[in-house]
Every structure is written in structure tokens, then in C-alpha cells.
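Q: I need the structure of the sequence given here:
(one chain, ligands or ions: 1)
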Amino acid sequence: MLIKNRIASDVSGSEITPKTVFDNRRAFLKTAALTGIGLAAAGLPSLPAYAARTPFSGVQKTQWTAKSMPENDPLNTYEDITSYNNFYEFGTGKRDPQENAQDFKPLPWEITVDGACAKPGKISFEDLTKPHALEERVYRHRCVEAWSMVIPWVGIPLAAVLKRFEPTADAKYVAFETLMDLERMPGQRQRVLNWPYKEGLRMDEAMHPLSILAVGLYGEVMPNQNGAPVRLVTPWKYGFKGIKSIVRIKFQSEMPATSWNEAASREYGFYSNVNPAVTHPRWSQETERRIGELFKRKTLPFNGYAEEVAGLYQGMDLRKWF
Ligand code: MTE
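A: Numbers count the residues shown, from 1 in each chain. Reported below is the predicted structural model:
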């Protein structure tokens, strides 16, 4: 993220998948799952079955898809979404994570949830998703590097998970941490960031219905390079808020430290709301290049989700709190 020249160069001109193709493909996946052709015939894949391209069954579409996605915002292809990634634990180049994360074995996986809550504890990947219907959320994804994609995530509302641990009145913020493991995440041997990768949200942001813990995309389990097995998605914020491969969630009264803010505080603030009016010190945020498109698009305040989230920041000077 620190190297500006990378941003515009290293991209394929892949076509974007028309919606009808995606719907047909989803119908196929559903049939495959029901008839047992799919790897996961019902519900979540069992432990040994976690592998790329394993479909989930029973994924619902939600109102968010219809409300915030205009017709002219087609989905990016699976190939785009899984081959142009930021995941420094597997290398700093956009193509590195796809190549270097293939051997990563996500399961078994546990997240420790603690801090200011009445019921601290651990939650396994299976327990995380069990009581909830998995939902498909088609969200715009706007990277701070001024490129964007449209991604059909599979996830569960973050609020539903957090409530299980009964946060107390001291829980003003939520801190997140990625796995720290030099063997499994070889990029951590390079001191490009202060490992483990850290992110944070204010409590009301975390509880907002748009915030999800994503466990997959395109109806399938999360590819390693996109943050397997579970990552954060907050679509009105720059992509770096979307911390991958989460192992710890902590409720706390102080604003959490975040990796990119520690690396360059003038460039990456705590809030990181998509804001075309706040110029990054080294480039404009007014436009963005949608991966797979030729012409730039105008960047929208809060990445187009202002109707849903602007109220969270009423009275705040968003130039100061960038
Ligand atoms: N999470 C971890 N653990 N490590 C990272 O390097 N990169 C962030 C974010 N989450 C990153 C991370 C950045 S800069 C972006 S833009 C998004 O992941 C990219 O998510 P994607 O690869 O699914 O598009």
C-alpha cells in the first residue's frame, strides 16, 4: 500500500461477470449442493472439507443487495477478486497472496473474544456460523489505493456475533487481530508492518447492520488470499479496515491501535471512511478505477453507503477524523 506506482500498473483487464451469469452459476451451485455434487451437501463444510471452491448451501440474499447496488454496478469476476489482493502476510505484491497462500490450512480455527464483556470466551469457525443463516451481501469494495471492485460476500452480521459475548458499558471500541504465525504466514518474517495486523472499529460501527464477518464469496468458502476462514467487511470504509484471518476480538474503552495508522499516521487514520473530499497525502481520492473497467468512476462519500452510515458521524469534522 505504501508504493503508489503499483496501484495502476499491475492489473488484468478481465471482463466482469454479468449478473445473469452469476445467478445461473448460483443456481447451479445450489443444485449441486442439493444433489450431493457439491462438496458441502448441507450447511458448512466439515473440517477436512475446507478447500478452495467449496460451496456453501442455503445462502440468502439480503435487502442490502437491492438497496445499495445500482444496476450499473456489475460484479467483478471470481478471478479478479482472488488474484488482485492485499495480504502482506503472504507478500506485498498484488499477485503474491494468490500464489503464496495456497498451502495455508485455515481449519481448525478459533477466535478469542475478551476485554470489556460479561462472557469472554473462544468461538470456533463452526460455532461462529452455526446459529446464523449465511447471507450474501453484494458490496462495493474501495481500496485506499483508488481501485475498487464489487464483491458478493457470504457472511453473518458482526453485531450478532458480538452480542453473544455481552459487551459491557466500557466497550466503546472493538479491536481485531490477525493470526501471528511465522510458519503459516511467511510474509510476517519481513518487518513491513507491525505484526500481527491490527484493526479497530467504534462500537456503533461494529454493531451497524452493514458490518459483517465474511466467511466466503461467490457462494463458496473464503479463498485463502481473501482472508480465510473469516475476515471483517465494512463497505463504507477503505479496504484496509477489512482485517483478514481474524483470531482475536477485544472490547475496550480506548481507541485501538491499527497497523496502517502505526505505519503512517498522516496517511491512514482510525476511521478510514471513504471520502472523496479528503485527499490522501500522495494521491487524490476523488476517483477510482473499477478493476476490469477502462474509465475511472467518481468516488462516492462513504463509498455510496451514506444513507445508511452518515448518521454515525454527525457533528464530527471528517477532515480531522479521516
Ligand atoms: N488483513 C491482513 N491481515 N493483512 C493485510 O495485509 N490488507 C488490507 C485488508 N486486510 C490486509 C488485511 C488491505 S490494504 C485491503 S485493500 C484488503 O484487505 C484487501 O482485501 P481483498 O484482498 O479481499 O480485496
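
Q: and residue 298, what are its bridge partners?
A: Taking DSSP bridges, one obtains residue 287 as the residues bridged to residue 298.

Q: What is the burial count for it?
A: 8 (other Cβ atoms under 10 Å). (Each C-beta comes from the backbone N, C-alpha and C, glycine too.)

Q: That one is in contact with residue 287, isn't it?
A: Yes - with contacts counted by Cβ atoms under 8 Å, residue 298 reaches residue 287, the gap being 5.8 Å.

Q: Which residues are in contact with each of these two?
A: Taking Cβ atoms under 8 Å, 6 or more residues apart in numbering as the criterion, residue 298 and residue 287 both touch residue 276.

Q: ok and the residue in the protein nearest the ligand?
A: The chain approaches the ligand most closely through residue 239 (2.8 Å), counting by Cβ to the nearest ligand atom.

Q: pLDDT score assigned to that residue?
A: Turning to residue 239, the model gives it a pLDDT of 98.

Q: Also residue 30?
A: Predicted confidence (pLDDT) for residue 30: 39.

Q: circling back to that earlier point, how about the contacts made by the residue of the chain closest to the ligand?
A: By Cβ under 8 Å, 6+ apart, the contact set of residue 239 is 86, 141, 142, 143, 144.

Q: Not counting its neighbours along the chain, what's nearest residue 207?
A: Of all residues not flanking residue 207 in the chain, residue 159 sits nearest, at 4.4 Å (Cβ to Cβ, 6 or more residues apart in numbering).

Q: So which bits of the host helix or strand of the one you found are buried?
A: Element membership for residue 159 (DSSP states H and E) is helix 158-163. Going by neighbour count (16 or more other Cβ atoms under 10 Å), the buried part of helix 158-163 is 158, 161, 162.

Q: what does the average pLDDT come to for it?
A: 96.

Q: Check the most centrally placed residue in the chain and give its pLDDT.
A: By Cα atoms, centre = their mean, the mean C-alpha position of the chain lies nearest to residue 233, the distance being 3.4 Å. pLDDT, residue 233: 98.

Q: Residues in a beta bridge with it, which ones?
A: residue 212.

Q: let's have the chain start at 18 instead
A: Done: numbering now begins at 18, and the last item shifts to residue 250.

Q: Identify the residues contacting it.
A: Contacts of residue 250 (Cβ under 8 Å, 6+ apart): 154, 156, 158, 170, 172, 228, 229, 230, 231, 259.

Q: need the contact list for residue 247.
A: So residue 247 contacts 126, 128, 142, 145, 230, 231, 232, 239, 262, 263 (Cβ under 8 Å, 6+ apart).

Q: phi, psi of it?
A: phi -150, psi 130 (degrees, to the nearest 10).

Q: For the chain, which residues are neighbours of the ligand?
A: 18, 102-106, 158, 160, 195, 214, 243, 256-257, 259-262 (Cβ under 6 Å from any ligand atom).

Q: Strands of the stretch 118-267 of the chain, start to end?
A: Shown for the stretch 118-267 of the chain, the strands assigned by DSSP state E, counting those that start in this stretch span residues 127-132, 138-141, 152-159, 164-174, 190-195, 215-219, 229-234, 237-238, 248-250, 263-269.

Q: Put together JSON lines for those, with distance to residue 275 on each row.
A: Listed next are these as JSON lines, based on distance: least, Cβ to Cβ, whole Å:
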{"stretch": "strand 127-132", "distance to residue 275": "16"}
{"stretch": "strand 138-141", "distance to residue 275": "22"}
{"stretch": "strand 152-159", "distance to residue 275": "17"}
{"stretch": "strand 164-174", "distance to residue 275": "21"}
{"stretch": "strand 190-195", "distance to residue 275": "9"}
{"stretch": "strand 215-219", "distance to residue 275": "5"}
{"stretch": "strand 229-234", "distance to residue 275": "18"}
{"stretch": "strand 237-238", "distance to residue 275": "27"}
{"stretch": "strand 248-250", "distance to residue 275": "12"}
{"stretch": "strand 263-269", "distance to residue 275": "13"}
